[in-house]
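A.B. asks: Sequence first, then the predicted structure:
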Amino acid sequence: MLLKGDRVLRTMDIALGFVPNGDKHEEGDFRTPEGKYRLTRRNAASDYFLSIKVSYPNDEDRQVARARGVDPGGQIMIHGQPNLPKFSEGYYQWTDWTEGCIALSNSDMVDVWLMTFASTPIEIRP
């Protein structure tokens, strides 16, 4: 959901990491992080249609990873579809296919791109 205050502006379907259940704990676990973050850097020239970086890992994520002796990973993005798809359109619409990112349709990604700004808070919930 894309919200402004308590008002829902848009509800969108998303695709998550290959392992969509459970919080991200380390690099390469194919999970999407859960928690409160911020949107940071934008990339209009991404390999995926538009992308906005999520501020993962935060201090708590790094502390948990350090205690487990693992790298928390990073480069978690909200993005559209691949610019050079390897699979059918249906695969991207009905499968969790990212390596931990949050993927949207390209039209939904345009809305997120236009309706957010640097430092917009994001909460990723299970």
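C.D. replies: Nice, I can see it.
A.B. asks: any low-confidence regions in the chain?
C.D. replies: Across the chain, nothing is flagged by pLDDT under 70.
A.B. asks: need the helices for it, in chain order.
C.D. replies: 59-68, 89-94, 106-115 (DSSP state H).
A.B. asks: Tyr48 contacts Ile78, doesn't it?
C.D. replies: No: using Cβ atoms under 8 Å, Tyr48 is not in contact with Ile78, being 9.6 Å away. C-beta coordinates here come from the backbone N, C-alpha and C atoms, glycine included.
A.B. asks: and stretch 94-111, which residues are buried?
C.D. replies: Within stretch 94-111, the residues that qualify as buried are Trp97, Thr98, Glu99, Gly100, Cys101, Ile102, Ala103, Leu104, Ser105, Asp108, Met109, counting by 16 or more other Cβ atoms under 10 Å.
A.B. asks: Strands of the protein, residue ranges please.
C.D. replies: 2-4, 7-10, 35-43, 51-54, 77-79, 102-103, 121-124 (DSSP state E).
A.B. asks: List the residues that contact Thr32.
C.D. replies: Leu16, Gly17, Pro20, Lys24, Ile76, Thr98, Gly100, Cys101, Ile102, Ile124 (Cβ atoms under 8 Å, 6 or more residues apart in numbering).
A.B. asks: Show me which pair in the residues you listed is furthest apart.
C.D. replies: Pro20 and Ile76 (13.7 Å; Cβ to Cβ).
A.B. asks: and Thr40, how many neighbours does it have?
C.D. replies: Here the number of neighbours of Thr40 (other Cβ atoms under 10 Å) works out to 14.
A.B. asks: Kindly report the same for Ser55.
C.D. replies: Ser55: 19 neighbours (other Cβ under 10 Å).
A.B. asks: Isn't it up against Thr40?
C.D. replies: Yes: between Ser55 and Thr40 a contact is recorded at 5.3 Å, counting by Cβ under 8 Å.
A.B. asks: my guess is Leu16 contacts Thr95, does it?
C.D. replies: No: using Cβ under 8 Å, Leu16 is not in contact with Thr95; the gap is 10.0 Å.
A.B. asks: thinking again about what came up before, can you lay out the helices of the chain as JSON lines showing distance to Pro82?
C.D. replies: What follows is the helices of the chain, written out as JSON lines (distance: least, Cβ to Cβ, whole Å):
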{"stretch": "helix 59-68", "distance to Pro82": "26"}
{"stretch": "helix 89-94", "distance to Pro82": "7"}
{"stretch": "helix 106-115", "distance to Pro82": "10"}
